[in-house]
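Visitor: Provided below are the primary sequence and the corresponding predicted coordinates.
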Amino acid sequence: MSKKPSKGGAPALDMTPMVDLAFLLVTFFMLTASFRMAEPVVVDPPSSIGQVDLPDNHIMVTIDDKGRAFFGISNSTAKMNALREMGKRYNVNFTEAQIIKFSGLPSIGVDLKDLPKYIDLKEDDRKNFQPQKGIPIDTITPNNQLKDWISLGGTEAVRTFEAAKIKAKESNSEFKSEKPRFAIKCASTTKYIYVKEVIKTFTDLKLYQFNLITTLEGGGTVIDPSK
């Protein structure tokens, strides 16, 4: 028995809804996405064969070839709390708007007294900000700001981590974050004496486990000296 031929033509697929959806998604991401601010310093770390990944939750000290130290915390909440505590310790006032804006900065390398002015600048102007001599590291006078940043930043990072862990447990949701980890990143041309000074700051705080950021052909890597 022969099949009755169809009276209609070839089937048509209306792509209009799909195109509309695609444009809506593009518009949504354009309006809601936030661009990552540029680092105040870029260093080319030495290479190694270590292959330990650095977690998202970390506190990092970056040292350039001039010996300047830059400090950063990946957790924005811990970063804001650390700034509030540093302001109290050094009698430097920050507005709430400055504190929020600070949470978006990857790292800083200025004296705390210059930080309010640095925060208020536009991103392009921050690159040429003077004086950007790095975080003060003075082991003789009480003005060892790097030591205080590491201490307060680490405390706030752990506190934020524990609070998130408790909240996840109470809501019966999965918690995948790792404990905050300390790391040092320096340029391959940085003199050892500069790195030694930062390591001494860590050990003075009884922090003996930290990661050294290096590069590996085909990707990044981390060396953990505690292993």
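Guide: Alright, I've got the coordinates.
Visitor: which residue ranges form the strands in the protein?
Guide: Secondary structure of the chain (DSSP state E): strands at 58-63, 69-73, 181-186, 211-216, 219-223.
Visitor: need the ones you listed in TSV (columns: distance to Phe94 and mean neighbour count).
Guide: No exception for glycine: its C-beta is placed from N, CA and C like everyone else's. Formatted as TSV, the strands of the chain follow (distance: least, Cβ to Cβ, whole Å; neighbours: other Cβ atoms under 10 Å):
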stretch	distance to Phe94	mean neighbour count
strand 58-63	20	24
strand 69-73	15	24
strand 181-186	24	21
strand 211-216	29	18
strand 219-223	32	16
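Visitor: out of those, flag the one nearest Met18.
Guide: Closest approach to Met18 among those is made by strand 219-223 (36.3 Å; Cβ to Cβ).
Visitor: in contact with Asp148, which residues?
Guide: 86, 89 (Cβ atoms under 8 Å, 6 or more residues apart in numbering).
Visitor: what's around Val110, how many residues?
Guide: When neighbours are counted by other Cβ atoms under 10 Å, Val110 registers 24.
Visitor: what sits against the residue lying closest to it once chain neighbours are set aside?
Guide: With Cβ to Cβ, 6 or more residues apart in numbering as the criterion, Val110 has its nearest non-adjacent residue at 5.1 Å, and that residue is Tyr118. Contact analysis of Tyr118 by Cβ under 8 Å, 6+ apart lists 108, 110, 126, 129, 132.
Visitor: tally of neighbours for the first one?
Guide: By the other Cβ under 10 Å criterion, the neighbourhood of Ile108 contains 24 residues.
Visitor: got a pLDDT number for it?
Guide: Looking at Ile108, its pLDDT reads 93.
Visitor: surely it and Phe71 touch.
Guide: Yes - if you go by Cβ atoms under 8 Å, Ile108 and Phe71 touch, sitting 6.0 Å apart.
Visitor: state the phi and psi torsions of the residue nearest the centre of the chain.
Guide: Central residue of the chain (Cα atoms, centre = their mean): Ser74, 3.3 Å from the mean position. Dihedral angles of Ser74 (phi, psi; degrees, to the nearest 10) stand at phi -70, psi -30.
Visitor: overlap in contacts, Ile108 and Phe71.
Guide: Shared contacts of Ile108 and Phe71 (Cβ under 8 Å, 6+ apart): Ile135.
Visitor: follow-up on the earlier one: format the strands of the chain as JSON lines; extra columns: mean pLDDT and distance to Val158.
Guide: Listed next are these as JSON lines, based on pLDDT from 0 to 100; distance: least, Cβ to Cβ, whole Å:
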{"stretch": "strand 58-63", "mean pLDDT": "93", "distance to Val158": "10"}
{"stretch": "strand 69-73", "mean pLDDT": "94", "distance to Val158": "11"}
{"stretch": "strand 181-186", "mean pLDDT": "92", "distance to Val158": "11"}
{"stretch": "strand 211-216", "mean pLDDT": "76", "distance to Val158": "16"}
{"stretch": "strand 219-223", "mean pLDDT": "44", "distance to Val158": "20"}
